[in-house]
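S.K.: Fold the following.
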Amino acid sequence: MITILEKIKSLGTDQVLTLASGATLIFWGLAMILAKRFVRKRTSEMKQVALQLAFSFREAGDGSILHEFSTLPLFSGSQRGFEENLLTRGMDQAFIAVFDYTTKKTKDLSLNWEEEETNPFRVQTMACFKTNNLFLPPFSLRPETSLDATYVEKLENKFGYQPIECRSFPQFAANYRLFGKKADEEKIRGIFLNSGIIILCEKEGDLCMEAKGESLIVYRHLKRIPPQEMEQFLETAIQVHDILDHSAIYYQNH
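M.R.: Now for the predicted structure:
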């Protein structure tokens, strides 16, 4: 019996190339079909989440949310991404938007060529707050493991941020990196040391935040939150907002 390998060996170069091209097309076709099914499934599930949590829902944003928060480092720059599965709602004096934020990957030397080519985009779920009476000094917080040189360079060179130490909380200081402007250093440190936000960060382990004035975003680095975990993620994000809101009011008046 002639094996498949023997049949392939008996083919000419042109026939082998044609066969390889056909197999590649079939592979990519199947990959596209599966990807579209995943997108449709997630959109349907996120729409159900919006209904359950009394949010408005749109499958795709128009860029207005990103523009509204464009003063924050994550959404600044010429290569902003786009919003999908957008949940929005008013919350007392705040507006909240939760969405999947998709961006094109920058070159990462830790990944090989095939990984970059087959997965050129990254998606992470964001919770964004715009609050009338929220007056936060500009800051950025990320876990140590999610920091990269490009992001730190952007914070330091474009936004004038510098590292802010919180040494009285050793676990937090070891696992997180807090950045802000030198002029706001004492206010930022005071907010973090005396508000309970550090305890929440230690408990969660992977919270990321950026803030400036009345704008605040909360997310987990490079994580697309599963629909079944969305309510819990939203509760955590609101807890962050409420802690910082209360603390910012205190430090504004002292």
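S.K.: In terms of helices and strands, where is residue 202?
M.R.: Using DSSP states H and E, residue 202 falls within helix 197-204.
S.K.: mind listing what's buried in that helix?
M.R.: Going by neighbour count (16 or more other CB atoms under 10 Å), the buried part of helix 197-204 is 197, 198, 201. Placement of C-beta: from N, CA and C, glycine included.
S.K.: where does the stretch 101-250 of the chain have low pLDDT?
M.R.: Scanning the stretch 101-250 of the chain for pLDDT under 70 picks out 106-120, 249-250.
S.K.: 50 instead, please
M.R.: 108-117 (pLDDT under 50).
S.K.: ok, which stretches of it are helices?
M.R.: Along the stretch 101-250 of the chain, the segments classed as helices by DSSP state H, counting those that start in this stretch run 113-118, 149-153, 170-175, 185-195, 197-204, 230-252.
S.K.: Adding distance to residue 64, write the ones you listed out as CSV.
M.R.: Formatted as CSV, the helices of the stretch 101-250 of the chain follow (distance: least, CB to CB, whole Å):
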stretch, distance to residue 64
helix 113-118, 31
helix 149-153, 25
helix 170-175, 35
helix 185-195, 29
helix 197-204, 29
helix 230-252, 20
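S.K.: and for the helix holding residue 202, what are the contacting residues?
M.R.: Helix 197-204 is contacted from outside by 141, 166, 169, 171-172, 175-176, 191-192, 207, 236, 239-240, 243-244, 247, using CB atoms under 8 Å, 6 or more residues apart in numbering.
S.K.: What ranges does the stretch 51-200 of the chain have for its strands?
M.R.: 56-60, 82-91, 94-104, 121-131, 136-143, 162-164, 176-180 (DSSP state E, counting those that start in this stretch).
S.K.: Out of the ones you listed, which gets nearest to residue 66?
M.R.: Of all the strands of the stretch 51-200 of the chain, strand 82-91 sits nearest to residue 66, with 6.5 Å by CB to CB.
S.K.: Before I go, just wanted to say thanks for your time.
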